[in-house]
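1. Please work out how this folds:
(one chain, ligands or ions: 2)
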Amino acid sequence: MEHLDTPDAPATAAHPPAAAGRGHATPPSAAQAAELLALARSGGLRTWQLGGRELIPVVQGGMGVGVSAGSLAGTVAGLGGVGTVSSVDLRRLHPDLMAQTGHLDKEPDAKALIDAANLLALDREIQRARGIAQGRGLVAVNVMKALSAYEAYVRQALQSGADAVVVGAGLPLDLPEIAKDHPKTALIPILSDARGVQLVVRKWEKKGRLPDAIVIEHPRLAGGHLGAAKVADLQDTRFDFENVLPQVMEFFKTAGLEGQIPLIVAGGVSSRDDILRWQGLGASAVQMGTAFAVTTECDAALAFKRVLAEARPEDIVEFISVAGLPARAVRTPWLDKYIRIEPKLQAVAHPKTKCNMSFDCLAHCGLRDGVVGIGQFCIDQQLGHAMEGDTQKGLFFRGAGTLPFGSEIRPVQDLLKWMVAGVRPPALVQEPAPSVQHP
Ligand SMILES: Cc1cc2nc3c(=O)[nH]c(=O)nc-3n(C[C@H](O)[C@H](O)[C@H](O)COP(=O)(O)O)c2cc1C
Ligand code: SF4
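-> Residues are numbered from 1 along each chain as shown. Ligands and ions are numbered 1, 2, ... in the order given. Down below sits the predicted model:
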């Protein structure tokens, strides 16, 4: 794992220093953030406003488990973008919380203790991100609707001072009620087509709140869980930004909402030209995942980053996750084996008396509930292995696109400069690293 060699957010009893070996995060300076904003403006990109702040048009998407936590999100925010902490199972980044809960198994209060540890870890990561960001940009928290602790994570994010709550993997129709006492926190659903946008906006309008922005994530391109019903649907052209953006703009026009809800496109974005193109069709910003996962400041292990950075197009596969959604990842040894034996596992799928990790991360889980036709593995366990850099056992989510710097692992600052100004950083002088072997 990488070395944490810089000052952390202030440590207190409630906020001890984060786990050793986390993504290295040199707190960015106000001058660096100002430079990026100026470069974006002078280069013909539109900056955008959210939460009363002017932002560069790049959002770092939430990445669980433990891939985008305080270091990455804080660095992106500190440079004037939106940095997103992924809320799920963050205790894994905190050795003291793992010491308290990692061994829990059949204890009747195991779930309650693990959930509490995760909420504490989320608070720590938000404070860490805020400490690094120093009031610049926005610190968002991503919560998957499919999680059993969805509402608890949203409430914790609101209470801990997140600037925005971003919800995907399900329709967050109840988010306005949960956040009703937090009118200043931006609420952002992640959707994939114009029909979904229309549905959420109409339902939220009735509750007296509009989304503060909407992420439109392309299931054919993005990493992780994908917003389509089945793998065969991923290629559907209704998800293409060329189709979704005009359709959503038209809907906003007829609904009298023109110019009120910024759109953020996610999936396969890798250059300033992409931003120009999608801004030309009405988007305000782009969201990127994989490119941020391979930055120096990303909170996962170096080996995790190498797997993503070194994956070839033919190594990237789609399959059905245990949450019932299609997902995209690198075909590493564990996933290769899983895909091969999936039919056999599905043939014997049956409800289990107990969740694998004792905290029922998902409200509906293919493995625990024995649902034939969807994933039969423990996603929390596999993603945890990946975040720790276990290339044999891990599940490595990745988008389908190419990375701006190929297999290089670069600081966030380099990535953002490339994205807003098209400036390529000087070549890296890197020690040769062992390559990752794919099956
Ligand atoms: C490793 C990884 C983990 C991810 N985890 C989540 C997640 O927990 N929640 C979520 O909403 N999106 C998740 N995503 C999706 C990203 O936030 C982002 O929208 C997507 O990857 C954009 O596509 P790109 O990777 O081509 O830039 C994940 C993506 C990756 C690569
Ligand atoms: S078995 Fe694993 S994936 Fe399923 S609910 Fe439990 S922790 Fe989550």
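
2. use CA for all of it now, contacts and neighbours both
-> OK.

3. Ligand 2 versus the residue nearest the centre of the chain, what's the distance?
-> Centroid-nearest residue in the chain, with Cα atoms, centre = their mean: Gly62, separated by 1.8 Å. Gly62 sits 18 Å away from ligand 2, going by Cα to the nearest ligand atom, to the nearest Å.

4. Ramachandran angles for that residue?
-> When read as degrees, to the nearest 10, the backbone of Gly62 gives phi -70, psi 140.

5. Next one: it from Gly224, what distance?
-> 10 Å (Cα to Cα, to the nearest Å).

6. likewise Asp115?
-> 23 Å.

7. do Arg91 as well
-> 20 Å.

8. the more surrounded of those two?
-> Higher neighbour count among Arg91 and Gly224: Arg91, with 29 against 24, using other Cα atoms under 10 Å.

9. Wasn't that one part of a helix?
-> Yes. Counting by DSSP: H, G, I helix; E, B strand; the rest coil, one finds Arg91 located in a helix.

10. got a pLDDT number for it?
-> We have a pLDDT of 96 for Arg91.

11. One more: Glu107?
-> Value listed for Glu107 in the pLDDT field: 88.

12. so where does it fall, helix or strand?
-> In this structure, Glu107 sits in neither a helix nor a strand according to DSSP states H and E.

13. Neighbours of it, how many?
-> 10.

14. now it: how far from ligand 1?
-> For Glu107, the distance to ligand 1 - Cα to the nearest ligand atom - is 28 Å.

15. With Glu205 instead?
-> 23 Å.

16. and what of Asp369?
-> Taken as Cα to the nearest ligand atom, the span from Asp369 to ligand 1 is 21 Å.

17. OK, contacts around the nearest residue to that residue once chain neighbours are set aside?
-> With sequence-adjacent residues excluded and distances taken as Cα to Cα, 6 or more residues apart in numbering, Asp369 is closest to Pro351, at 4.3 Å. Residues near Pro351 by Cα atoms under 8 Å, 6 or more residues apart in numbering: Leu367, Arg368, Asp369, Gly370, Val371.

18. and which of those is nearest Met249?
-> Set against Met249, the nearest of those by Cα to Cα is Val371 (38.5 Å).

19. so Leu335 touches Leu395, yeah?
-> Yes. The pair Leu335 / Leu395 is scored as a contact, 6.5 Å apart, by Cα atoms under 8 Å.

20. what about the two, which has more around it?
-> Remark: of Leu335 and Leu395, Leu395 carries more neighbours, 28 against 22, as counted by other Cα under 10 Å.

21. is stretch 48-62 up against ligand 1 anywhere?
-> Yes. Applying Cα under 6 Å from any ligand atom, one finds stretch 48-62 touching ligand 1 at Gly61, Gly62.

22. Could you tell me how many residues sit around whatever residue of the stretch 201-350 of the chain ends up closest to ligand 2?
-> The minimum distance from the stretch 201-350 of the chain to ligand 2, using Cα to the nearest ligand atom, falls at Val322 (6.4 Å). By other Cα under 10 Å, the residues close to Val322 number 25.

23. SS state for it?
-> Assigned with three-state DSSP, Val322 falls in the coil class.

24. Make sure it is actually in contact with Ile374.
-> Yes. In terms of Cα under 8 Å, Val322 counts as a neighbour of Ile374; the distance is 5.8 Å.

25. which residues touch Leu395?
-> Ala329, Val330, Thr332, Trp334, Leu335, Ile379, Gln382, Leu383, His385, Ala386.

26. for the fourth one, phi and psi?
-> The one in question is Trp334. phi -60, psi -50.

27. Give me every residue in this protein lying close to ligand 2.
-> Counting by Cα under 6 Å from any ligand atom, the chain sits next to ligand 2 at Cys355, Asn356, Met357, Asp360, Cys361, Leu362, Cys365, Leu367, Arg368, Cys378, Ile379, Asp380.

28. Give the next helix or strand downstream of the host helix or strand of the last one.
-> Taking DSSP H and E as the criterion, Asp380 maps to helix 379-387. Toward the C-terminal end, the helix or strand that comes next after helix 379-387 (DSSP H and E) is helix 412-421.

29. Quick one: mean pLDDT over that next one.
-> 97.

30. Packing partners of it?
-> helix 30-42, helix 272-280, helix 290-293 (3 or more Cα pairs under 8 Å, 6 or more residues apart in numbering; DSSP states H and E).

31. Could you find the closest non-adjacent residue to Gly80?
-> Gly137 (4.1 Å).

32. and the helix or strand of the chain with the lowest mean pLDDT, what does it pack onto?
-> The weakest-scoring helix or strand in the chain, judged by mean pLDDT, DSSP states H and E, is strand 224-225 (a mean of 92). On a contact count with 3+ Cα pairs under 8 Å, 6+ apart, strand 224-225 meets strand 326-330.

33. ok, the least confident helix or strand of the chain near ligand 1 or not?
-> Yes. Strand 224-225 reaches ligand 1 (Cα under 6 Å from any ligand atom) through Gly224.

34. you'd agree Leu221 is up against Gln287?
-> No. Using Cα under 8 Å, Leu221 makes no contact with Gln287, being 11.9 Å away.

35. Give the residues shared as contacts by these two.
-> Common neighbours of Leu221 and Gln287 (Cα under 8 Å, 6+ apart) are Gly267.

36. Can you name the residues that contact the closest residue to Ala327 other than its chain neighbours?
-> Using Cα to Cα, 6+ apart and skipping the chain neighbours, the partner closest in space to Ala327 is His225 (4.3 Å). Counting by Cα under 8 Å, 6+ apart, His225 makes contact with Ala169, Ser321, Leu325, Pro326, Ala327, Arg328.
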